[in-house]
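Asks: Sequence and computational prediction follow.
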Amino acid sequence: MTNRTRILTGITTTGTPHLGNYAGAIRPAILASRDSNADSFYFLADYHALIKCDDPLRIQRSRLEIAATWLAGGLDVDRVTFYRQSDIPEIPELTWLLTCVAAKGLLNRAHAYKASVDKNVETGEDPDAGITMGLYSYPVLMAADILMFNAHKVPVGRDQIQHVEMARDIGQRFNHLFGQGKEFFTMPEALIEESVATLPGLDGRKMSKSYDNTIPLFSSAKEMKDAISRIVTDSRAPGEAKDPDNSHLFTLFQAFATPAQSDEFRSELLQGLGWGEAKNRLFQLLDSELGESRERYHQLIERPADLEDMLQIGAKKARAVATPFLNELREAVGLRSFVAQTQVAATTKKKATKAARFVSFREDDGSFRFRLLAADGEQLLLSRNFADGKTAGQVTKQLQAGQALDVRSEDLSFSVWLEGECVADSATFADGAARDAGIDALRIALTPVQE
Ligand code: TRP
């Protein structure tokens, strides 16, 4: 599990996916997620969407459509972690921690921000006219997306490479300042899929919403057909040989066809297949490739509550990673519980704590228990009985995870609780002071040792 490559990417939720998005990003990402070596994190970058769009209805609609598109396209939510950025409160929190180490000079160099400044200067405006802090800080939010989950690979378009580099830069700075030799953050790498062709649009330029030349993906068969009928071709009449290599209609066909289908289409074009008929072939191909997904898409869109549930499960999975990690990072920068403070202050005792250890054993009745022994062998805790070794093991793991301890004092003893359940007890002490010293010793023993 830990050796799998973590692949993470976000999709900004400002539009409706078209055929070019599907072939260029969605389809390859879904295929990549099926690799048994891949641990994929795919998310709707809806905080990023707010930077570009102040139309709440559009934001909402786009989130729904993009979620449905990915699921209809065959994304298996049991395999991947699929979530909305805005369901993970740890992301904006990490954004702030990173904002405090990100150099302003670094962000001054971000392409998107610079392009806006250049445009303002060109038109004689104030350089920062219309530029929000959201646009300016965009790369820090993206760094938080990536670093929060320690992604190894980040599939992105070329325009995003700089942002991934900035994430490395910012993450490295944080590691250096707070890691004390420990690398909190993995250095991510941008992954540019060279083999994925960018699809041409109706007019032959790159298919893009900003050129208004897109072919819709899942709206309806009719809309797809209408768009295809508007593909620009040359004026060769039926019967005249067509040049497949200079036809973006053929390029579109190829992106969805098997090599055999492409070969056949190529020779038909060379033999003078009319453009009208060629468009028909393209439609037939796309319809057979995408028709089923389109149906699933509409079923999903009609059941937003199901989509909501799926995304909530995704958020839970993501937060199972993010919450403990962010706790560690808060700790590292000094945002610590006052209670926990005593453990860290007690650095002199820390050396001895290295040797504190859990010893597990089995009772005659078959149940599993463990003791926590301090370095000097003194018993700090004796666990309750667990039905199996796995549960006992999980409890010791959780106790060592460095999270705030739920310690409850009784009269002359104390107990430790996890998720509302008492998991272990101390011995009985001679007096309250001895009991409190015991609690301190326990906290020290359970403070993760950082080297
Ligand atoms: N900025 C990316 C884009 O517009 C979307 C995005 C947001 C992203 N956060 C990310 C991509 C993290 C990869 C990793 O394409």
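Replies: That came in fine, so what should we check first?

Asks: make it CA atoms for all contacts and neighbour counts henceforth
Replies: OK.

Asks: distance between stretch 272-288 and the chain's centre?
Replies: 38 Å (Cα atoms, centre = their mean, to the nearest Å).

Asks: which residues are in contact with that stretch?
Replies: 221, 224-225, 228-229, 233, 237-242, 249, 252-253, 256-257, 269 (Cα atoms under 8 Å, 6 or more residues apart in numbering).

Asks: What subset of those residues is buried?
Replies: Listed as buried from the contacts of stretch 272-288 are 221, 224-225, 228-229, 233, 241-242, 249, 252-253, 256-257, 269; burial here means 16 or more other Cα atoms under 10 Å.

Asks: Which residue ranges make up the domains of the chain?
Replies: As assigned by automatic domain parsing, the chain contains the domains 5-102+137-198+303-331, 218-298, 338-445.

Asks: Quote the end-to-end distance of the last one.
Replies: Terminal residues of domain 338-445 are spaced 17 Å apart (Cα to Cα, to the nearest Å).

Asks: The shortest one too?
Replies: With Cα to Cα as the measure, domain 218-298 spans 8 Å from end to end.

Asks: Show me what residue 153 bridges to in the sheet.
Replies: When bridges are called by DSSP bridges, residue 153 pairs up with residue 7, residue 189.

Asks: for it, what are its contacts?
Replies: 5, 6, 7, 8, 188, 189, 190, 191.

Asks: what's the fifth one sitting at in phi/psi?
Replies: When quoted as degrees, to the nearest 10, the phi and psi of residue 188 stand at phi -80, psi 160.

Asks: sorry, back to before: near the ligand, list only the ones from the contacts of residue 153.
Replies: Checking those against the ligand by Cα under 6 Å from any ligand atom, the ones in range are residue 8.

Asks: In the contacts of residue 153, find the pair that's most separated.
Replies: Pairwise distances across the contacts of residue 153 (Cα to Cα) peak at 13.1 Å, for the pair 5 and 190.

Asks: So for these two, which residue has more residues nearby?
Replies: More crowded of residue 5 and residue 190, by other Cα atoms under 10 Å: residue 190, with 21 against 16.

Asks: So that one sits against residue 166, correct?
Replies: No: contact status for residue 190 versus residue 166: not in contact, 10.9 Å apart, counting by Cα atoms under 8 Å.

Asks: burial of the residue nearest to residue 208 when sequence neighbours are not counted, as a residue count?
Replies: Using Cα to Cα, 6 or more residues apart in numbering and skipping residues adjacent in sequence, the residue nearest residue 208 is residue 214, 6.0 Å away. By other Cα under 10 Å, the residues close to residue 214 number 25.

Asks: Next, the contact list for residue 214, please.
Replies: 18, 19, 20, 201, 202, 207, 208, 227 are the contacts of residue 214 under Cα under 8 Å, 6+ apart.

Asks: circling back to that earlier point, burial-wise, tell me which of the domains of the chain comes out on top.
Replies: Highest mean neighbour count among the domains of the chain (mean count of other Cα atoms under 10 Å): domain 5-102+137-198+303-331, with a mean of 19.

Asks: mean confidence for it?
Replies: The pLDDT scores in domain 5-102+137-198+303-331 average 95.

Asks: Run the chain-centre distance for it.
Replies: The answer for domain 5-102+137-198+303-331 is 3 Å, by Cα atoms, centre = their mean.

Asks: Span of it from start to end?
Replies: 27 Å.

Asks: cool, stretch 80-94 as well?
Replies: 22 Å.

Asks: mind checking the backbone torsions on the nearest residue to residue 155 once chain neighbours are set aside?
Replies: Leaving aside its chain neighbours, residue 155 sits nearest to residue 191 (4.3 Å; criterion: Cα to Cα, 6+ apart). Per-residue torsions, residue 191: phi -120, psi 110 (degrees, to the nearest 10).

Asks: so residue 191 makes contact with residue 151?
Replies: No: between residue 191 and residue 151 there is no contact under Cα under 8 Å: 11.3 Å.

Asks: list the helices and strands the longest helix along the chain packs on?
Replies: For the chain, the helix that runs over the most residues, judged by DSSP state H, is helix 304-333. For helix 304-333, the packing partners by 3 or more Cα pairs under 8 Å, 6 or more residues apart in numbering; DSSP states H and E come out as helix 56-72, strand 81-84, helix 90-99, helix 133-148.

Asks: Ok, which of those comes nearest the ligand?
Replies: Across those, the ligand has its closest neighbour in helix 133-148 (4.3 Å, Cα to the nearest ligand atom).

Asks: tell me what that closest one is packed against?
Replies: Under the contact rule (3+ Cα pairs under 8 Å, 6+ apart), helix 133-148 is packed against helix 46-52, helix 90-99, helix 104-108, helix 111-122, helix 161-178, helix 304-333.

Asks: Can you say which of those helices is nearest to residue 28?
Replies: Closest approach to residue 28 among the helices and strands packed on helix 133-148 (Cα to Cα): helix 161-178, 17.9 Å.

Asks: Who are the packing partners of that closest one?
Replies: Counting by 3+ Cα pairs under 8 Å, 6+ apart, helix 161-178 packs on helix 90-99, helix 133-148, strand 189-191.

Asks: what angle separates the first one from helix 304-333?
Replies: Translated: helix 90-99. 30 degrees (axes from the mean of the first three to the mean of the last three Cα atoms, to 10 degrees).

Asks: what does helix 90-99 contact?
Replies: Contact partners of helix 90-99, identified using Cα under 8 Å, 6+ apart, comprise 85, 137, 140-141, 143-145, 148, 170-171, 174, 319, 322-323, 326.

Asks: change it to 6 Å
Replies: For helix 90-99, the external contacting residues (Cα atoms under 6 Å, 6 or more residues apart in numbering) are 141, 144.

Asks: Briefly note if it comes near the ligand.
Replies: No: judged by Cα under 6 Å from any ligand atom, helix 90-99 stays clear of the ligand, getting no closer than 10.5 Å.

Asks: just stretch 198-215 next, same as before
Replies: No: shown here: stretch 198-215 not in contact with the ligand (Cα under 6 Å from any ligand atom), separated by at least 13.3 Å.

Asks: Of all the residues in that stretch, which ones are buried?
Replies: Buried positions in stretch 198-215, judged by neighbour count with 16+ other Cα under 10 Å: 198-204, 206-208, 213-215.

Asks: By pLDDT, give me the weakest of those.
Replies: Among the buried residues of stretch 198-215, residue 198 has the weakest pLDDT, 84.

Asks: Check the gap between it and the ligand for me.
Replies: Per Cα to the nearest ligand atom, to the nearest Å, residue 198 is found 14 Å from the ligand.

Asks: Find the nearest non-adjacent residue to that residue, please.
Replies: Nearest one to residue 198, counting by Cα to Cα, 6+ apart, is residue 24 at 5.8 Å.

Asks: What of residue 310?
Replies: According to Cα to Cα, 6+ apart, the nearest residue to residue 310 is residue 77 (7.7 Å).

Asks: secondary structure class for that neighbour?
Replies: Classification of residue 77 by DSSP: H, G, I helix; E, B strand; the rest coil places it in coil.

Asks: can I get the CA coordinates of stretch 302-316 in PDB?
Replies: C-alpha atoms of stretch 302-316 as PDB (Å, rounded to 0.1, in the frame of the first residue of the first chain):
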ATOM      1  CA  GLU A 302     -30.800  13.000 -11.800                       C
ATOM      2  CA  ARG A 303     -29.700  11.600  -8.500                       C
ATOM      3  CA  PRO A 304     -27.700  14.400  -6.900                       C
ATOM      4  CA  ALA A 305     -28.200  12.900  -3.500                       C
ATOM      5  CA  ASP A 306     -26.300   9.700  -4.500                       C
ATOM      6  CA  LEU A 307     -23.500  11.800  -5.900                       C
ATOM      7  CA  GLU A 308     -23.400  13.800  -2.700                       C
ATOM      8  CA  ASP A 309     -23.100  10.500  -0.700                       C
ATOM      9  CA  MET A 310     -20.200   9.300  -2.900                       C
ATOM     10  CA  LEU A 311     -18.400  12.500  -2.400                       C
ATOM     11  CA  GLN A 312     -18.900  12.500   1.300                       C
ATOM     12  CA  ILE A 313     -17.400   9.100   1.400                       C
ATOM     13  CA  GLY A 314     -14.500  10.400  -0.600                       C
ATOM     14  CA  ALA A 315     -14.100  13.300   1.700                       C
ATOM     15  CA  LYS A 316     -13.900  10.900   4.600                       C
END
